[in-house]
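Enquirer: Provided below for reference: sequence and predicted model.
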Amino acid sequence: MSAITPFSRAESDSLSPVLRQLLQSAFARLGPVSRRDQRIADLTRRAKQLEKERRRLAWGPSYEVRLEEERRLRAWESELGAPSRSVIAGGKFHVYDLVRSHGIDVPEQFGRWHDPADIPWDELPDAVVIKSAFGAATRGVLPLRRVDGGWQVATRDATVTSEQLTADLAALAAMRKVRPPFGAEEFLDDGSGTVPVDIKVYTFYGEAPVARLRRVIEHRPGGAGAHRVVDRNGTDFDTYHGKPTDPTIPLPGALADLFDVAERVSIVIRAPFSRIDLYDIRGRIVFGEVTPCPGSRGGFGPALDITMGEAWERAQVRLWCDLAAGASREAEWGPLGAPAGEETALPRVDIQAPAAGHTPRPAHKGAPTEELPPRAAMRERTPAGQDPGDAEVLVPRHDARREAP
């Protein structure tokens, strides 16, 4: 193909060979120059977007920024040997006792053992969950079904023996990835035949703007899962970590009640932010996990990050107001009381009593001031007649520098 020039053939023939070659070379470079200019424009536009995002994160409300700050604070707490501010410092079974004292359902307990070698595998139900009191990212949590020759971990096909499970738990304990005691509890069955959908509610001291529903595909640390992000009305947010969410994950029938229970727990544990995991088991609301500092980053996108950041700021001020008015900084035992031996570990407070100092949420961005749900009303929304003792609880020992998503 001949080179393109702005000259006619006759004019081109009249040019000297040297000049003609120079012109042809110059016009041949126009394509690369044009692509270069487009690339420069794209990079300039991206740089402006990044600068705008940097300014937003530096000067505006942001859940991600607050979460990173919380991780750093917890790392310094560990480094300096400061007392833990988290309710999970006492372990998963302590948290069970705490939420159960407020009439919130927790798993039926079959026994606890300090040494995994003492677990009576032959006496356990055919479907059971084994978990350690301390451990993160599903380590030390084994949802099991009995099969010929041993057990199967939910979502896996391999059969493992009781001896193998004992050795695995002992090895995790030796590496200090989990800590005893080890408990056996009810395997929650939502009718799916596998691990139920985990409803992770992001709570800010009595306020919960969003929940993430997670369907487990592979039960292991960092295992695959599908996600759906919704508000209390079931309105979807379309992406999580930049990928489309899964609208086929079913919404719980009592979604608003799940949000209410999570908000209630967040007030009990006296934290401006906590992720509260719950389960909907055939209409029964059961307690899941308390995670004070989730490991995943950048999942919700700028708009929701701002909403959650504002919620965190409001929560911090509400908590300060309650503490200034004389509320205890520690988590509260409920009206059902603490188990024997733990009565002095935490103060006993009836959650039906109104919080000292405040009830209104501050208005923001022109939104009308709204009242926080009275604690008594929140308590009444919990399904009545439940026997405390039925739920999947994963309450990891937190290490801010190592926690996996």
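Expert: Okay, I see it. Residues are numbered from 1 along each chain as shown.
Enquirer: in the stretch 1-150 of the chain, which spans are helices?
Expert: Along the stretch 1-150 of the chain, the segments classed as helices by DSSP state H, counting those that start in this stretch run 9-14, 17-28, 30-59, 63-80, 92-100.
Enquirer: The last one packs against which elements?
Expert: This points to helix 92-100. If you count contacts as 3 or more CB pairs under 8 Å, 6 or more residues apart in numbering; DSSP states H and E, helix 92-100 packs onto strand 127-135, strand 178-186, helix 255-268, strand 284-291. The C-beta positions use only the backbone N, C-alpha and C, and glycine is treated the same way.
Enquirer: how near is E79 to A331?
Expert: Distance check for E79 against A331: by CB to CB, to the nearest Å, it reads 24 Å.
Enquirer: So which of the two has more stuff around it?
Expert: A331 (25 against 10; other CB atoms under 10 Å).
Enquirer: Is that one in a helix, a strand, or coil?
Expert: A331 carries the three-state label coil when classified by DSSP: H, G, I helix; E, B strand; the rest coil.
Enquirer: same check, this time on the one 5 residues further on
Expert: Remark: L336 carries the secondary structure label coil [criterion: three-state DSSP].
Enquirer: and the closest residue to it other than its chain neighbours, how many neighbours does it have?
Expert: Leaving aside its sequence neighbours, L336 sits nearest to S101 (CB to CB, 6 or more residues apart in numbering; 4.6 Å). Residues near S101, counting by other CB under 10 Å, number 23.
Enquirer: Run a quick check on S101 versus V265, I expect a contact.
Expert: No. Taking contacts as CB atoms under 8 Å, S101 lies outside contact range of V265: 11.5 Å.
Enquirer: so what's in contact with these two at the same time?
Expert: The overlap between the contact sets of S101 and V265 (CB atoms under 8 Å, 6 or more residues apart in numbering) is empty.
Enquirer: Poorly predicted segments of the stretch 1-150 of the chain, please.
Expert: By pLDDT under 70, the weakly predicted segments of the stretch 1-150 of the chain are 1-15, 18, 20, 27, 29-31, 33, 48-49, 51-59, 137.
Enquirer: let's see it at 50
Expert: Residue ranges of the stretch 1-150 of the chain with pLDDT under 50: 1-3.
Enquirer: Run a quick neighbour tally on R100.
Expert: Neighbour tally, R100, other CB under 10 Å: 21.
Enquirer: For G140, see how far away it is.
Expert: 21 Å.
Enquirer: Buried ones in the helix or strand that contains E313, by neighbour count?
Expert: Counting by DSSP states H and E, the element that carries E313 is helix 301-324. Across helix 301-324, burial judged by 16 or more other CB atoms under 10 Å covers 304-316, 318-319, 322.
Enquirer: Could you do stretch 287-297 as well?
Expert: 287-295.
Enquirer: same deal with stretch 328-340?
Expert: 331-334, 338-339.
Enquirer: Could you do stretch 271-283 as well?
Expert: For stretch 271-283, by 16+ other CB under 10 Å, it's 271-281.
Enquirer: Any chance of CSV for those residues, columns pLDDT, distance to L144 and secondary structure?
Expert: Supplementary listing: those in CSV, determined by pLDDT from 0 to 100; distance: CB to CB, whole Å; DSSP: H, G, I helix; E, B strand; the rest coil:
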residue, pLDDT, distance to L144, secondary structure
A271, 92, 32, coil
P272, 95, 37, coil
F273, 96, 33, coil
S274, 95, 28, strand
R275, 95, 25, strand
I276, 96, 25, strand
D277, 94, 20, strand
L278, 96, 22, strand
Y279, 94, 17, strand
D280, 93, 22, strand
I281, 92, 18, strand
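Enquirer: can I get those in CSV with distance to G225?
Expert: Formatted as CSV, these follow (distance: CB to CB, whole Å):
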residue, distance to G225
A271, 25
P272, 27
F273, 22
S274, 21
R275, 15
I276, 18
D277, 13
L278, 16
Y279, 15
D280, 17
I281, 19
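Enquirer: In these, find the pair that's most separated.
Expert: P272 and I281 (29.3 Å; CB to CB).
Enquirer: on that earlier part again, and the residue nearest to L336, how far is that from F287?
Expert: Distance from S101 to F287, by CB to CB: 12 Å.
Enquirer: How about I119?
Expert: I119 is 23 Å from F287, by CB to CB.
Enquirer: and of the buried residues of stretch 328-340, the nearest to L19?
Expert: A331 (86.1 Å).
Enquirer: Wait, that closest one touches L98, no?
Expert: Yes. Using CB under 8 Å, A331 makes contact with L98 at a distance of 5.9 Å.
Enquirer: one step back: now the buried residues of stretch 328-340 in CSV, with distance to R35 and pLDDT?
Expert: Output for the buried residues of stretch 328-340, formatted as CSV (distance: CB to CB, whole Å; pLDDT from 0 to 100):
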residue, distance to R35, pLDDT
A331, 61, 88
E332, 64, 83
W333, 68, 89
G334, 67, 91
A338, 70, 82
P339, 71, 82
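Enquirer: could you dump these to CSV with distance to D238?
Expert: Shown next, in CSV, are these (distance: CB to CB, whole Å):
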residue, distance to D238
A331, 36
E332, 38
W333, 41
G334, 38
A338, 44
P339, 44
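Enquirer: Among these, pick out the one closest to D148, please.
Expert: P339 (38.2 Å).
Enquirer: Hmm, the closest one is touching D97, no?
Expert: Yes. The pair P339 / D97 is scored as a contact, 5.1 Å apart, by CB under 8 Å.
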